[in-house]
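K.L.:
give the three-dimensional model of this entry:
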Amino acid sequence: MRPAVACALLVCFPWATAISIPFRKVPARSVAVATNTTFGFANLDNNVYVAEIFVQGHNFSVQLDTGSSDFWVDSSLAPAQALQGVAATAFNATNCYLDTTCASGPVVLADTTFGNFSVPGQAMVNALDSNATYGPVMSGLLGLGGPFASTSSIMRSTASNSSFNGLPFLNNLFDTYPDVENYITFQLSRAVTGDIDGGIFTIGETAAEWASVQETEQLPLLFPDGWSAGVDAVLINGHKANLPGSALAGSTQLASLIDTGTAR
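P.N.:
Below you'll find the model as predicted:
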């Protein structure tokens, strides 16, 4: 996302014990990431939100992207043999983005841990030497979308094969932890100067100050393969922004896609 002024966003979707990750701003293309917790939730370049994930026991900083279901890391940015022990699938997948960068490589099955959650044999792309990273401070991407071929290069590449589990990480997380409530939340904020003054990503819980969001009416998805909803207005610093586009049929609302990875 590319907000130019102070803003706050909370995204809550019903879809896990829960995790809560604060983050703070890192200057553009900085390689010195300071974090408040071992989860390492941070803002890079004012528009890329990353968190720490462990693959085969090695930590990678990955962009959290609600607009896709892809999962890839560039293991060339990790110590040698960091992904030793992954299972090969004989499939390859490619992810290319609007900024012309790409991440491609073999699809492998790796033991993956995010916060308190561990998923064995998670399908992911080992995207060696990708130009879609920010170096070690963002060495991969974790898609938080649904199980659709339109949003997952892995599912597109392996659609004809059913011998292994190619579902996205969130699907497998909630299947592995059935007692966890099935939703995620984001709170993203920044000061007028562009410095981050707080933010949280959670799975299966809400930040205390936003707990009442669970009492609000659930919004229907406009499209089956993305986090989409009708929008009445966007307020920036208390002022209504003019949004180009056509209203939904029979409504004054505009269609929106809630995508934390828009910067890609």
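
K.L.:
for L173, give me its contacts.
P.N.:
Counting by CB atoms under 8 Å, 6 or more residues apart in numbering, L173 makes contact with A16, F114, F117, V119, V180, I203. Backbone N, C-alpha and C define where each C-beta goes, glycine included.

K.L.:
and it, what helix or strand is that in?
P.N.:
Assigned by DSSP states H and E, L173 falls within helix 169-176.

K.L.:
so where's the chain uncertain?
P.N.:
Residues of the chain that meet the criterion pLDDT under 70 lie in 1-47, 160, 162, 189-199, 263-264.

K.L.:
now E205, what's its secondary structure?
P.N.:
Three-state assignment for E205 (DSSP: H, G, I helix; E, B strand; the rest coil): coil.

K.L.:
and the next element down the chain from the helix holding L173?
P.N.:
strand 183-189.

K.L.:
can you give me the angle that following strand makes with helix 169-176?
P.N.:
140 degrees (axes from the mean of the first three to the mean of the last three CA atoms, to 10 degrees).

K.L.:
still on that earlier bit, pull the CA coordinates from the helix holding L173 and hand them back as PDB.
P.N.:
Extracted C-alpha coordinates of helix 169-176, given in PDB (Å, rounded to 0.1, in the frame of the first residue of the first chain):
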ATOM      1  CA  PHE A 169      -0.200 -21.300   4.600                       C
ATOM      2  CA  LEU A 170      -3.300 -19.800   6.300                       C
ATOM      3  CA  ASN A 171      -5.500 -22.700   5.200                       C
ATOM      4  CA  ASN A 172      -3.000 -25.200   6.600                       C
ATOM      5  CA  LEU A 173      -2.500 -23.200   9.800                       C
ATOM      6  CA  PHE A 174      -6.200 -23.200  10.600                       C
ATOM      7  CA  ASP A 175      -6.500 -26.900   9.700                       C
ATOM      8  CA  THR A 176      -3.600 -27.700  12.000                       C
END
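
K.L.:
starting at the chain centroid, how far to that helix?
P.N.:
14 Å (CA atoms, centre = their mean, to the nearest Å).

K.L.:
what residues sit buried inside that helix?
P.N.:
Under the neighbour-count criterion of 16 or more other CB atoms under 10 Å, helix 169-176 has F169, L170, N171, N172, L173, F174 buried.

K.L.:
between those, which is nearest M155?
P.N.:
Lowest distance from M155 to the buried residues of helix 169-176 (CB to CB) belongs to N171, with 10.4 Å.

K.L.:
please name the nearest non-neighbouring residue to that closest one.
P.N.:
Nearest non-adjacent residue to N171, counting by CB to CB, 6 or more residues apart in numbering: P147, 5.2 Å away.

K.L.:
identify the residues contacting the one you found.
P.N.:
Residues counted as contacts of P147 (CB under 8 Å, 6+ apart) are S69, M155, L167, P168, N171.

K.L.:
my guess is V137 contacts V62. True?
P.N.:
No - applying CB atoms under 8 Å as the test, V137 and V62 come out as separate, 10.7 Å apart.

K.L.:
identify the contacts common to these two.
P.N.:
With CB under 8 Å, 6+ apart as the test, V137 and V62 both reach V50.

K.L.:
quick one: which of the two has more around it?
P.N.:
For the pair V137 and V62, the greater number of neighbours falls to V62 (25 against 20), based on other CB atoms under 10 Å.

K.L.:
can you tell me what sits against the helix or strand hosting the more buried one?
P.N.:
For V62, the host element (DSSP H and E) is strand 58-65. Contacts of strand 58-65 from elsewhere in the structure, counted by CB under 8 Å, 6+ apart, are 33, 40, 42, 48-54, 71, 73, 77-79, 82-83, 136-145, 186, 201, 259-261, 264.

K.L.:
of these, buried ones?
P.N.:
Among the contacts of strand 58-65, those classed as buried by neighbour count (16+ other CB under 10 Å) are 33, 40, 42, 48-53, 71, 73, 77-78, 82-83, 137-145, 186, 201, 259-261, 264.

K.L.:
tell me which of the residues you listed fall in strands.
P.N.:
With DSSP state E as the criterion, strands contain 42, 48-53, 71, 73, 140-143, 186, 201 from among the buried ones among the contacts of strand 58-65.
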